[in-house]
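Enquirer: Let's see this in three dimensions:
(2 chains)
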Amino acid sequence: MSVELRGITKSFGALVANDGIDLRVETGEIHAILGENGAGKSTLMNILYGLLSPDSGQILVDEKPIIISEPSDALAAGIGMVHQHFMLIPVFTVAENIVLGHEKVNGFGVLDLEKARSEIARISKEFNFDVDPDAVVETLPVGIQQRVEVIRALIYNAKVLILDEPTAVLTPQETDELLQVMKNLKKQGTSIIFITHKLREVQEAADRITIIRRGKIVGTALPTASQEDLASQMVGRPVDLTMNKSPAKIGKTLLEISNLTVTDSTGRELIHDISLDVHAGEIVAVAGVQGNGQTEFARAILNLEEHVSGSILVDGKDILGETVRGSLHSGIAFIPESRELDGLIGSFSIAENLILDTFDLAPNAKGLLMSPNTVTNEAVKRITEFDIRSQGANELVSSLSGGNKQKVVLARELSRPVKIVVASQPTRGLDVGSIEFVHEKIVQERDAGRAVLLFSTELDEVFALADRIAVMYRGTIIDIVPATISRSDLGLLMAGVKPKVSS
Amino acid sequence: MNKVSKLTPIQKRRQRGAFSLLFLSFASLIGFGILQKNTAPVTYKFVLEKEWIAINEWTLDSRTGSYGFSCAALIFAIWAIFQFRRNKKIQLQSALGGFAILMAFLCWAASGKMIPFTGLLQGALLLSVPLIFGAMAGVLCERSGVINIAIEGQLLAGAFAAGVVASLTQNTTWGLIVAPLAGALISLILAVFAIKFSIDQVILGFVINVLVIGMTNFLYKKLLIPYQNTWNSGPILSPIEIPILSKIPLLGPIFFNQTIIVYLMYLIVAVIHLSLFKTRWGLRTRAVGEHPTAADSVGIKVNNLRFRNVIFAGLVAGLGGAYFTVGAVGAFGKEMTAGKGFIALAALIFGRWSPLGAVMAALLFGFADNLQGILSITGTPIPSEFMLMAPYIATIIAVTGFVGRVRAPAADGIPYNRGGSH
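Expert: You can find the predicted model right below:
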C-alpha cells in the first residue's frame, strides 16, 4: 500500500510546524524521515494518524484521497503507529491492551480475549518476539512494550507502519533487533515510515530518506549518502561531527561517592550501593538506557532526593544531608535533566534566571535589596559570553529556543566558582549547533581542571566526551570502563551483560 | 535491584497486617480479659422477626467471653503470620481475627446487658445503603478519570426530588423515578464544566455541593415548611419479604426483608463490578481513567465516555439519595445527607476504587456507626463521643496498616484535550 501526503500545512499559533509538505511512501519500502527535534516530524505523523488535523493538504492512500480525522480512520485505512511515548495502558495485560478499541465480546457482553491471545502468539512466533499475552505491561522492559505496539499494529492489518523515534528508549542491541524486525516486515510488503534523528540507523535500515528542516522538506537522499552530508542537510550548514579534545590531565579526586543508595518513600531501592570517583580534569560519563536510575543518581548528588544513605565527598567534605543550596555552594554546577521544569523559570527574564542561586549575595544584593543594575549588567556580559541569542537581558526565558534556554542554564551554573560539573542529559532535544556549543563548554570545563560527571543516554555523546564510562543498569553501576571500549561491548553492558573479556 | 532478603511492598504490607493483628489480639486479651473485673453475663439475641429459629439467644459470662474470643484472635493472628511466612494472602485470617477481637470487645462493653446481634447487622446494612450508592457513583466517575466530590450534592438532590415528588403524587414509585434524574442533573453540571471546560474538578465538586445545599435549604424554607401537607409528607416504601430467603436465620432479616431500593442496590453493585472488569465498556472506562491519550489513539472517544459515565454516576447517586426520604423517613429534612457523600468518597478510596472493595468499606463504616448507636443506648464504659469517632479511626488504621499504598486511576482528575501536547 502506498501513502501520499500533498501540501500538508499545520501551524500552532505563529509557529508553522509543517509548511506545504509533499511526501510519497511506496509499497514495501522503509522511508526514513530525518530531522532535528522540533523540525515537525512528529506533527506530520500525528496528522497522518488522525491525532491532529492539518490546516490544509490532502492524504492519499493507493492514489485515492481519504479523510483521516480520527485515529480510528487511520487504522481503518491500514495505517498503524508506534508512538514515541507508548500508547499502552500500564496496568492492563498485553492482550487487554491489544483488544482495546476493537474488543470482541461473547453473547453475554463479556470480553473475549482468546482470539487476541492466539493472534499475539502467532505474530510473536512469526517475528520471534517472545511476548506473553497475559503479562501486565508495566512489568515489561521497554523493548518488549514497543513490540506490543508493533504487534497491535500488525493485528489490525496495518499496511503502513509509522515508527516515531522508536530507538530513543532502546539499548543498542534492542535497536539492532528492531531494525531487523523492520526489514522482516518490509519483506512481507509492509511500508514503514521511520522517524529519527540518528544518522547511523537511517543509513542501516532506510531505502529512501526525506529530510525535514523547520517544517519544510529540504531534500531527499539515499542511505549511501555520507553522514556529514545528511547532517548538514538536516542542520542547514556544514557540520563537523568529530569532537576534538586533548588527552585528559587527571588531577586529584574532587568528587568521591561511596555506597550511595536511594529509596523511594515506600522503601523500594531506586539506586543501589553506587561508588564512583571523579577526578579534576576528567569527564566521567554515566551511560545507560533511560530509566535505569540516572535521574535519581544525579538528583541525589544535589541532595534533591529524600531517602539517601552513603556518602558524597566534595573535595574531601561530606555534603550528604546538606540543603540543595548548600550543595550548590559547596562547588557543584548542576545542569538538570529537564531545563524547562528544573533548570529555569519560564516566566522570569534571562537576567533573573541567571541569579536564581545567588540573588541574595553580593554583588546582586545589598542587604535586603537587590541591585537591578548590577544584575542586568552581569546578564549582558553572560549573554555575550555564552552567545545567548535573545532580544536582551529582560526577555522572558520561555520565549527562547531550546538551545538558548540551555545556554542560560550553563551561564548561570558555570559562572559560580565550581569544582564539579554534574550535567544530566545536557543536549537532549537540542539542535546540532547547540549540541556543539554545549560539548565545547563541557570540554572547556574539564580542561580548566574541573571534575565533570555527565549523564547521557546517547552513545554518540558518551563517546565524544567521556574519558571514562560508568555504566548504569537497574539502579547500580555494573562497570566502569575506559572510553576506548567498543560500541558493542558498551551496548552489552547497558543491557546488563558483562562481556567475558573486559578491556 | 533488591537484595534477596528484602521484602516486596506486598509482603511488607502483609507482615505489617499480621503483626498488628497479633498486637491487637494481645491488647484485647489484656484489656478485655485480664483487666476485666466484671463477670456479669452478656446476652446476644439472634432472632429479629419471624425467621426460622436456629438459636434464639446466647448468654455467656462476660469475662470468659472476652478471654475466649481474644484467644481465638491470637490463634488467627498466629495463623496469619504463618501464612505470611509461606508468602500467602492473609485476608481471611485478618477478617476472622478482627471479628474475634470485635466479639471480645462486645463481651466487655455489654457486660450485664443484651446485644441484639441480628439487629446490629441489619442496622449496619441500612446505614451503609447511601454510602454504597455514593461510592458506586464515585467508582463510575473516578475510574474514567473524573474526580467526583459532588456525591454529597447528588445524594441530597436525589433525596429532595424523591421526597417532594412522592409527596405531591403520594406515590413512592414516582419518587424513585425522579430521584436518579435529579442526581443526573447535578452530574450534568459536573460533566459540562469538568470535561468540556476543564475546570479544576475538586473545586468544582465542592462548589456544586454548596449550590445543592443552598438550593434545597431555600426550597425547604420557602416551600416545604409552609406547605408541608402537600409538598413534604410523602409515603415511604414498605419492605418486600422475599419468600424462603427471608426466613433464613440471621441472613434472612438482614438481606432479604428490605425495600426495593436495597434490592436495586444489590443489582447495581453486581452489574457495575462485573461490567467494570469483564465488559467492553469496563475496559474502555478503565483505559480512559488510566491513560486517555492511549485510549484516544485506538479510536476511543475519551470525553464522550467520561461524559456518559459521569451522568450514569448521577443516576446512581440520585437513586441512593431517594433512600433518605422515600426509603426511610418520608419527609425531606434540611441537609439530611449530613456528609454521607464524603464518607462514601472515603469508602471509595478505602476500597481502592474497586466496586466490591468500596462496598466492604461502606459496610464497615455502617457497622461502626450502628455499633456506636446501639452501645450508646445500652450504655457502655466508653463515652459516646469516642464511639462516634470509631468509624473514622477504623478508616485511618485500615488505610495505613492493611490497605497499604492506595493507587488512584492514573489520570483521575486530569482533563483530556487532544493536541494539548503535540
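Enquirer: the helices in the stretch 351-500 of chain A, which residues?
Expert: Assigned by DSSP state H, counting those that start in this stretch, the stretch 351-500 of chain A shows helices spanning A:372-385, A:402-414, A:432-447, A:459-465, A:487-494.
Enquirer: which other residues reach the last one?
Expert: Contacts with helix A:487-494, where a contact means CB atoms under 8 Å, 6 or more residues apart in numbering or on different chains, come from A:171-173, A:287-289, A:459, A:462-463, A:469, A:471, A:473, A:478-479, A:481, A:485, A:498-499, A:502-503. Bear in mind the C-beta positions are built from the backbone N, C-alpha and C, glycine included.
Enquirer: Burial check on the residue in the stretch 401-503 of chain A that chain B sits nearest to, number of neighbours?
Expert: Closest residue of the stretch 401-503 of chain A to chain B, CB to the nearest CB: A:G475 (4.5 Å). Each residue near A:G475 was counted by other CB atoms under 10 Å in any protein chain shown, and the total is 23.
Enquirer: Same check on A:K249?
Expert: For A:K249, using other CB under 10 Å, the count is 12.
Enquirer: That one - nearest residue in space that isn't next to it in sequence?
Expert: Leaving out its chain neighbours, the residue that sits closest to A:K249 by CB to CB, 6 or more residues apart in numbering or on different chains is A:G281, at 4.7 Å.
Enquirer: Does that neighbour belong to a helix, a strand or coil?
Expert: A:G281 falls in the coil class when you classify it by DSSP: H, G, I helix; E, B strand; the rest coil.
Enquirer: contacting residues for it?
Expert: A:A248, A:K249, A:I250, A:G251, A:R446, A:D447, A:G449, A:R450, A:A451.
Enquirer: before we move on, what about B:Q372?
Expert: B:Q372 neighbours (CB under 8 Å, 6+ apart): B:S384, B:M387, B:L388, B:A390, B:P391.
Enquirer: burial count for the third one?
Expert: A count of neighbours around B:L388, defined by other CB under 10 Å, yields 14.
Enquirer: domain ranges for chain B?
Expert: Chain B breaks down by automatic domain parsing into domains covering B:2-117, B:128-399.
Enquirer: JSON lines for those domains, including mean pLDDT and distance to A:S330?
Expert: JSON lines is the format used below for the domains of chain B (pLDDT from 0 to 100; distance: least, CB to CB, whole Å):
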{"stretch": "domain B:2-117", "mean pLDDT": "82", "distance to A:S330": "32"}
{"stretch": "domain B:128-399", "mean pLDDT": "91", "distance to A:S330": "40"}
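Enquirer: right, and those - which one's nearest A:I195?
Expert: domain B:128-399 (15.7 Å; CB to CB).
Enquirer: distance between stretch A:482-499 and the chain's centre?
Expert: 20 Å (CA atoms, centre = their mean, to the nearest Å).
Enquirer: Show me what from the stretch 151-300 of chain B comes close to chain A.
Expert: Residues of the stretch 151-300 of chain B lying close to chain A by CB under 8 Å from any CB of the partner chain are B:278-280, B:282-284, B:286-287, B:290-291, B:293-300.
Enquirer: Endpoints of stretch B:50-65, how far apart?
Expert: 28 Å (CA to CA, to the nearest Å).
Enquirer: in it, what's buried?
Expert: Of all the residues in stretch B:50-65, those buried under the rule 16 or more other CB atoms under 10 Å in any protein chain shown are B:E51, B:D61, B:S62, B:R63, B:G65.
Enquirer: tell me the SS of residue 28?
Expert: Here I'm looking at chain A. A:G28 - assigned by three-state DSSP - is coil.
Enquirer: My question was about chain B, not that one.
Expert: helix.
Enquirer: I am assuming it contacts B:M103, so please confirm or correct that.
Expert: No. Counting by CB atoms under 8 Å, B:M103 is not a contact partner of B:S28; they are 9.6 Å apart.
Enquirer: between these two, which one's more packed in?
Expert: B:S28 (26 against 22).
Enquirer: who's in contact with whichever strand or helix holds A:A116?
Expert: Using DSSP states H and E, A:A116 sits within helix A:114-127. Counting by CB under 8 Å, 6+ apart, helix A:114-127 makes contact with A:94-95, A:98-99, A:104, A:129-131, A:133-134, A:150-151, A:154-155, A:181, A:184-185, all of which sit outside it.
Enquirer: and A:L60, that one's in a strand?
Expert: Yes. Under three-state DSSP, A:L60 falls within a strand.
Enquirer: what residues are up against it?
Expert: Per CB under 8 Å, 6+ apart, neighbours of A:L60: A:V3, A:E4, A:L5, A:R6, A:I66.
Enquirer: what about it, distance to A:I8?
Expert: A:L60 is 11 Å from A:I8, where distance means CB to CB, to the nearest Å.
Enquirer: what is in contact with B:S28 and B:M103 at once?
Expert: Shared contacts of B:S28 and B:M103 (CB under 8 Å, 6+ apart): B:F69.
Enquirer: What sits closest to the residue of the stretch 401-503 of chain A closest to chain B if chain neighbours are left out?
Expert: A:G293 (3.8 Å).
Enquirer: That neighbour - how many residues pack around it?
Expert: 23.
Enquirer: Equivalent analysis for B:I260, please.
Expert: So B:I260, with other CB under 10 Å, has 16 neighbours.
Enquirer: For it, give its distance to B:F324.
Expert: Distance from B:I260 to B:F324, by CB to CB: 15 Å.
Enquirer: Around chain B, pick out the residues from the stretch 201-350 of chain A.
Expert: Counting by CB under 8 Å from any CB, the residues of the stretch 201-350 of chain A near chain B are A:T266, A:G267, A:R268, A:E269, A:L270, A:H272.
Enquirer: and A:P238, what are its phi and psi?
Expert: phi -60, psi 140 (degrees, to the nearest 10).
Enquirer: Wait, it touches A:V432, no?
Expert: No. The pair A:P238 / A:V432 is not scored as a contact, 10.7 Å apart, by CB under 8 Å.
Enquirer: Of those two, give the one with the bigger neighbour count.
Expert: Neighbour count, other CB under 10 Å: between A:P238 and A:V432, A:V432 has more, with 20 against 9.
Enquirer: show me the contacts for that one.
Expert: By CB under 8 Å, 6+ apart, the neighbours of A:V432 are A:E36, A:A231, A:M234, A:V235, A:V239.
Enquirer: Who wins on neighbours among those residues?
Expert: That'd be A:E36 among these, by other CB under 10 Å, with 24 neighbours.
Enquirer: pLDDT score for it?
Expert: We have a pLDDT of 82 for A:E36.
Enquirer: And for it, nearest residue in space, chain neighbours not counted?
Expert: Nearest to A:E36 is A:D431, by CB to CB, 6+ apart, at 4.9 Å.
Enquirer: do the same with B:P249
Expert: B:P249's closest residue in space is B:A54 (CB to CB, 6+ apart), at 4.0 Å.
Enquirer: On the three-state scheme, A:L260 is what?
Expert: strand.
Enquirer: Burial check on it, number of neighbours?
Expert: 24.
Enquirer: where does the stretch 1-150 of chain A have low pLDDT?
Expert: Residue ranges of the stretch 1-150 of chain A with pLDDT under 70: none are present.
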